[in-house]
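sequence and predicted structure are below.
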Amino acid sequence: MSGVACNTFGQAPAIAATRPADRIRRRVLFVVEGFTDIRFVSGLSEICELTMLAPMRAYRASGLYDRVKALDCDLRVIEIGGGRAAFQLRSLRWLWHNARDFDLILAQEVLRGALNANLAGSLRGVPVVTYMGIAPLEYFRCRRERRQIGPLKALVGEVAIRTLMAINGRLATRCLAMGPYLRAVAQRACPRSMIGLYYGVDTARFQPASPSDRLELRTRLDLPRDRFVVLFPSRISHEKDPATVIRAVAEVRARGLDAVLINLGGGWREFLSLAPTLGARDADEWLIGRPAAHPMTEVFAYFRAADAVAMASLAEGAAFATLEALACGTPLVATAVGGMAVQLNGFARLVPRSDAHAMADELLWIAANPTPARDQALRGREYVVREWARDKAFADLRQTFDEIVQP
């Protein structure tokens, strides 16, 4: 079929050896709408016979192709060529011809890609599970708030999102939503919604560091050893609020704390260029921007090395980076919106939306009170270990597959 490519990667013998011999491995097709996290792909490959259907351009350009290849997991990838319209048509055609080869279809999010999965699944008699990781309307409205789109496009976009959510909510066998906040959002369109934990938190890697470990990590990561290091661990996108974090760190510096702010992720150059537009003085002395660290082998070191993590958003779903910060026992300041307001209450220093002064106050409190700040974060680690651990995430997901697919 034109525009379709298939890649089969390694057989992962070490993983296969640990699987219970009597456990049925479901044949699962994962329909990817854009980019997806390699940690989720890795975990899925451990619990099922996995095939991934992905748009070729996004799959290659995002670096996911290289990460999957390096992972050497038991996985087949079907790449669909072309732009959005071509992908929508070609993926629907592929699904129509191949849906019955699978026990279950797992669809990323609840919009375009999920529509194809649900249409093919409904017509071919294959159960479909959608997986919501963002609040679609809330995220889309951030584009209008930032004036990236006009009122007409905002209206048309909202109608399209509501329509797709309603159709997919009606057709899906079940919707998994990351955390209690997103489950409440998903239930408006799909009453059969339940909490999913996505790839969970690897609490063996994301774990607290001793003072000596922290200094060693800073040396290895080329970070200042004797300054207050604040980590903003987020890509730059329309729903994030890097300006508030930059303003907050600029204020704590003006109030006497020698702080530096580091950003990891896509758009780090945009992050650095934002500071001068905000009037931040001498930003080149205290702002650090770096490309996204590998999520399975590198990123946890930055969380363990930081004095504090700051996460500001205009809208938020599950905010996994904040859970990873808590798993490391690293004090956390976060905006009280969406999933962060629901999941972090009592474990993080929550501040109002777009309030840089309040965020600065909390960062100064952490610097002045390191022991109680860390104790609060360590209580958060207990919560993450209990409710969000990686092993629990994939055990729950496998149980969901088993419940849906009748033996």
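The structure has been received and is ready for your questions.

CA atoms only for the helix or strand hosting Ala377, dumped as PDB, please.
Under the assignment given by DSSP states H and E, the secondary-structure element containing Ala377 is helix 370-387. Coordinates of each C-alpha in helix 370-387 appear next as PDB, following Å, rounded to 0.1, in the frame of the first residue of the first chain:
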ATOM      1  CA  PRO A 370      15.400  23.100  53.200                       C
ATOM      2  CA  THR A 371      14.600  20.400  55.800                       C
ATOM      3  CA  PRO A 372      10.800  20.900  56.100                       C
ATOM      4  CA  ALA A 373      10.600  21.500  52.300                       C
ATOM      5  CA  ARG A 374      12.300  18.200  51.600                       C
ATOM      6  CA  ASP A 375      10.200  16.400  54.200                       C
ATOM      7  CA  GLN A 376       7.100  17.600  52.400                       C
ATOM      8  CA  ALA A 377       8.500  16.300  49.100                       C
ATOM      9  CA  LEU A 378       9.400  13.000  50.700                       C
ATOM     10  CA  ARG A 379       5.700  12.600  51.800                       C
ATOM     11  CA  GLY A 380       5.000  13.100  48.100                       C
ATOM     12  CA  ARG A 381       7.400  10.300  47.200                       C
ATOM     13  CA  GLU A 382       5.400   8.000  49.400                       C
ATOM     14  CA  TYR A 383       2.300   9.000  47.500                       C
ATOM     15  CA  VAL A 384       4.000   8.400  44.100                       C
ATOM     16  CA  VAL A 385       5.300   5.000  45.200                       C
ATOM     17  CA  ARG A 386       1.900   4.000  46.400                       C
ATOM     18  CA  GLU A 387      -0.200   5.400  43.500                       C
END
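
going by contacts, tell me the helices and strands next to that helix.
Counting contacts by 3 or more CB pairs under 8 Å, 6 or more residues apart in numbering; DSSP states H and E, the secondary-structure elements packed against helix 370-387 are helix 320-327. Using the backbone N, CA and C atoms, a C-beta is placed for each residue, glycine as well.

next one: the helix or strand just after the helix it packs on to chain centre, how far?
Sequence order places strand 332-335 as the next helix or strand after helix 320-327, per DSSP H and E. Average the C-alpha atoms of strand 332-335, do the same for its chain, and the two points are 17 Å apart (CA atoms, centre = their mean, to the nearest Å).

quick check: mean pLDDT of the next helix or strand after strand 332-335?
Going down the chain from strand 332-335, the next helix or strand is helix 338-343, by DSSP H and E. In this model, helix 338-343 has a mean pLDDT of 95.

buried sites along helix 338-343?
Of the residues in helix 338-343, those buried under the neighbour-count criterion (16 or more other CB atoms under 10 Å) are 338-343.

output it as CSV, nothing but the C-alphas.
Below are the C-alpha coordinates for helix 338-343, written out as CSV (Å, rounded to 0.1, in the frame of the first residue of the first chain):
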residue,chain,number,x,y,z
GLY,A,338,-5.9,20.9,36.4
GLY,A,339,-4.2,17.7,37.5
MET,A,340,-1.6,19.6,39.5
ALA,A,341,-4.2,21.1,41.8
VAL,A,342,-5.8,17.7,42.3
GLN,A,343,-2.7,15.5,42.7
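
distance between that helix and the chain's centre?
Taking the mean C-alpha point of helix 338-343 and that of its whole chain, the gap between them comes to 14 Å (CA atoms, centre = their mean).

show me what the next helix or strand along the chain from that helix is packed against.
Taking DSSP H and E as the definition, the helix or strand that follows helix 338-343 towards the C-terminus is strand 349-351. Helices and strands touching strand 349-351, by 3+ CB pairs under 8 Å, 6+ apart, are strand 332-335, helix 356-368.

what are the contacting residues of strand 349-351?
With contacts defined as CB atoms under 8 Å, 6 or more residues apart in numbering, strand 349-351 is touched by 331-336, 340-341, 344, 358-359, 362, 365-366, 373, 376.

and stretch 141-152, how far apart are its ends?
12 Å (CA to CA, to the nearest Å).

buried sites along it?
Using 16+ other CB under 10 Å as the burial criterion, the residues of stretch 141-152 that qualify are 141-144, 149.

out of those, flag the one nearest to Glu239.
Distance to Glu239 across these (CB to CB) is lowest for Cys142, with 4.5 Å.

the closest one contacts Asp241, correct?
No: with contacts counted by CB atoms under 8 Å, Cys142 stays clear of Asp241, the gap being 9.2 Å.

what sits in contact with each of those two?
Going by CB under 8 Å, 6+ apart, residues that sit against Cys142 and also against Asp241 are Leu314.

select only the buried ones of the contacts of strand 349-351 in ChimeraX?
The buried residues among the contacts of strand 349-351 can be selected in ChimeraX (16+ other CB under 10 Å) with this line:
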select :331,332,333,334,335,336,340,341,344,358,359,362,366,373,376
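
mind jotting down where the helices sit in the stretch 1-150 of the chain?
Along the stretch 1-150 of the chain, the stretches classed as helices by DSSP state H, counting those that start in this stretch are 13-17, 38-47, 56-61, 64-71, 84-98, 112-124, 136-145.

distance between the following helix or strand past the helix holding Ala377 and the chain's centre?
Tracing the chain C-terminally past helix 370-387 and defining elements by DSSP H and E, one meets helix 390-404 next. On the basis of CA atoms, centre = their mean, the separation between the geometric centre of helix 390-404 and that of its chain is 18 Å.
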